[in-house]
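*Asks:* Okay, here's the prediction I keep looking at, along with the sequence it came from:
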Amino acid sequence: MKLDISLERREYWKQQGVKILLFAKWELHDQFRNRLLGGAWLFLQPLSYILIFTLVFSHLMNARLQQFDSPYAYSIYLISGMLLWNLMAGILQRLTNIYSEKAGLIRKVPVSLALMPLYVPLVELVIFLIAGAFFGVFLIFIEYSPSYYWLWLPVIVLLSVFFTYSLGLILGILSVFMPDLRNFIGILLQLAFWMTPIVYVDSILPVWVNQWLVLNPFYWGVSNMHQIILHGQAPNLYLLALLLTAGIILALFARYLQKRLEKDVRDLL
């Protein structure tokens, strides 16, 4: 009897995993289909932002990065922060709309509301890795030498994804009952972007503002990207611990909401 239950569970998880991979494949296909430049559109907008910010802010910010000999210091600072920001913001924005966007799919396909959205971070991670590869080519071109602290980068990325996914699940559930939440998240992300030292260096901020940065969860990951890639130093373990702790708390709360509201969510969809 126990063996049968174990086999059933294994088969269930296998089916869910296959569905998630299929959803991710379909999503990537939909993003590239019927576009003249295909997947290039995924990078043109972030690239345009990087070029604009570099042209506008590089002179001012390079003065704040005088300790680095490289004329590309600000570009490294900007791109390393933008990479993680785009990953987290993309996951959060997509998950906020996930259940409403995929209502027809949820009605037709027996899929877990907790697991189905996993295809979103998978897709965003693929985009992140491709963009990261271009960044790597740029670093090779300017003869940048990475340190062994780069081994921490997968940890930072995965913790950031875990935190954002947990928060996104909560917002996705709540947005079914409060559709206006989707518009609010767009505004909130714009505010969060400018409240996170990505375009500007945190040293230009007043001391009292810097003290409050630790309350910004996006700062926890982005600052560690800067710490490792630009400064070549060990990550701030305290900020990583905050990221992990917040992710666990949000994941538990998301699970509670799903158990409590799953029937209502399916009815509304």
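*Replies:* Nice, I can see it.
*Asks:* Would you map the strands across this structure?
*Replies:* With DSSP state E, there are no strands along the chain.
*Asks:* Please enumerate the helices of it.
*Replies:* 2-32, 41-64, 73-96, 98-101, 103-108, 119-141, 153-177, 181-195, 207-212, 217-225, 237-268 (DSSP state H).
*Asks:* hmm, who's touching the fifth one?
*Replies:* Just to be clear, that refers to helix 103-108. With Cβ atoms under 8 Å, 6 or more residues apart in numbering as the test, helix 103-108 has contacts from 23, 99, 111, 113, 116, 266, 269. All C-beta atoms are positioned from the backbone trio N, CA, C, and that covers glycine.
*Asks:* again, only using 10 Å
*Replies:* Residues outside helix 103-108 that contact it (Cβ atoms under 10 Å, 6 or more residues apart in numbering) are 19, 23, 26, 98-100, 111, 113, 116, 176, 265-266, 268-269.
*Asks:* which one of the residues you listed sits closest to Y148?
*Replies:* Y148 lies nearest to F23 out of those, by Cβ to Cβ, at 36.5 Å.
*Asks:* So what's the residue count around the closest one?
*Replies:* 21 (other Cβ atoms under 10 Å).
*Asks:* same check, this time on L105
*Replies:* By other Cβ under 10 Å, neighbour count at L105 equals 15.
*Asks:* Check F141 too.
*Replies:* Counted with other Cβ under 10 Å, F141 comes out at 9.
*Asks:* How far away from the center of its chain is stretch 230-244?
*Replies:* 17 Å (Cα atoms, centre = their mean, to the nearest Å).
*Asks:* Give me the most central residue, the protein.
*Replies:* For the chain, M88 is the residue whose C-alpha lies nearest the centre (Cα atoms, centre = their mean; 1.8 Å).
*Asks:* my guess is N216 meets L188, correct?
*Replies:* No - between N216 and L188 there is no contact under Cβ atoms under 10 Å: 11.9 Å.
*Asks:* before we move on, back to that, now the two most distant members of the contacts of helix 103-108.
*Replies:* So, the contacts of helix 103-108 by Cβ to Cβ: farthest apart are W26 and L268, at 23.8 Å.
*Asks:* so which of the contacts of helix 103-108 comes closest to V137?
*Replies:* Using Cβ to Cβ, those come closest to V137 at W26, 29.1 Å.
*Asks:* Pull up the gap between that closest one and K102, please.
*Replies:* According to Cβ to Cβ, to the nearest Å, W26 and K102 sit 11 Å apart.
*Asks:* same thing with N216?
*Replies:* N216 is 30 Å from K102, where distance means Cβ to Cβ.
*Asks:* Who has more neighbours out of the two?
*Replies:* Neighbours per residue (other Cβ under 10 Å) separate N216 from K102, with K102 holding more: 19 against 14.
*Asks:* what pLDDT does the more buried one get?
*Replies:* Reported pLDDT at K102 in the predicted model: 79.
*Asks:* Touching, it and K19? I think so.
*Replies:* No - counting by Cβ under 10 Å, K19 is not a contact partner of K102; they are 11.6 Å apart.
*Asks:* what touches both of the two?
*Replies:* Counting by Cβ under 10 Å, 6+ apart, the shared contacts of K102 and K19 are 109, 111, 116, 119.
*Asks:* Neighbour-wise, which one of those leads?
*Replies:* That'd be Y119 among the shared contacts of K102 and K19, by other Cβ under 10 Å, with 22 neighbours.
*Asks:* Next, the contact list for that one, please.
*Replies:* By Cβ under 10 Å, 6+ apart, the contact set of Y119 is 19-28, 94, 98, 102.
*Asks:* What subset of these is buried?
*Replies:* Using 16 or more other Cβ atoms under 10 Å as the burial test, the contacts of Y119 include 19-20, 23-24, 27-28, 94, 98, 102 as buried.
*Asks:* Appreciated, that's everything.
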